[in-house]
Structures are given as structure tokens and as C-alpha cells.
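> any chance you can model this:
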Amino acid sequence: MTPMPVAEYIYEHPLSLLLIGFTFAALTGIYFKEAFCFNRIETKFLTPLVPLLLLGHLVGILPVSAEKLLLSIWSILFLVFALRKVIQPIPPDIGDKSVFEYLKHSKAGQS
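The predicted model follows:
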């Protein structure tokens, strides 16, 4: 283990993003879903922003000033997204459960 904080370690060792990349892939998937299901403007920007920022850092093509700017934009948009999710009613977010009912009844009919 290294005594430095995780964020600093990742900043100084871009390949370490491969170890935690699944978290950001999952977030990008959530942003993508929210953009299409709820037409949220912030998620339409977050969907390409996250991979651009992470891959840009991993490959080393983004200057530090661009990384700082993109990270600031990401933070603000993620805060907007999180606050909107907190006040969103739960039933629309869960979605249509009729597919599960159909599968349950069709499975019961086969037995």
C-alpha cells in the first residue's frame, strides 16, 4: 500500500484507472439511461464527458488545465444530477414492472 491518498495516486499513475474504471463505466451507463428515459439535460453532457475525461487522462492527451475544467464541469453536473434524483418520485424511476408480472405468469403457466 502507498501512503498517498487514492485520488493523488490515480492522478500520478493514470494506468490505475483500469482498476476502478468499472465504477465510472457504471456511472456512464446510469447517465445514458437517465438521458433517454427522463430526458435530463445534465446527463446528456455527463454521458460523453466521463469517458472523455478518463480516457484523456489515461492516454495523457489532455493538458492539466483541460482536466481541471472538465472535472469541475463533471462535479457541477453530477451535483445537479444527484439533487434531481433525490427529489424524483420513486415509482417512475423503478419503471414498468409489467414485464416481470408477465414473466412470472408465463413461468407459472409452464409448470
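
> center of this structure - which residue?
Residue closest to the average C-alpha location in the chain (CA atoms, centre = their mean): residue 27, at 1.5 Å.

> just the pLDDT for that residue.
pLDDT for residue 27: 93.

> go on, residue 105?
At residue 105, pLDDT is 83.

> try the one 3 residues further on
With respect to pLDDT, residue 108 has a value of 74.

> burial of it, as a residue count?
Residues near residue 108, counting by other CB atoms under 10 Å, number 8. C-betas here are computed from N, CA, C, even on glycine.

> that one sits in which helix or strand?
Element membership for residue 108, per DSSP states H and E: helix 98-110.

> centre of the chain versus that helix, how much separation?
On the basis of CA atoms, centre = their mean, to the nearest Å, helix 98-110 sits 32 Å off its chain's mean C-alpha point.

> return the set of buried residues in it.
Going by neighbour count (16 or more other CB atoms under 10 Å), nothing in helix 98-110 comes out as buried.

> likewise for stretch 40-58?
By 16+ other CB under 10 Å, the buried positions in stretch 40-58 come out as 40, 42-47, 49-50, 53-54, 56-58.

> repeat for stretch 3-18
For stretch 3-18, the neighbour count (16+ other CB under 10 Å) marks residue 10 as buried.

> what's the span of it from first residue to last?
Stretch 3-18 has an end-to-end distance of 20 Å (CA to CA, to the nearest Å).

> who touches that stretch?
Residues outside stretch 3-18 that contact it (CB atoms under 8 Å, 6 or more residues apart in numbering) are 2, 20, 24, 54, 57-60.
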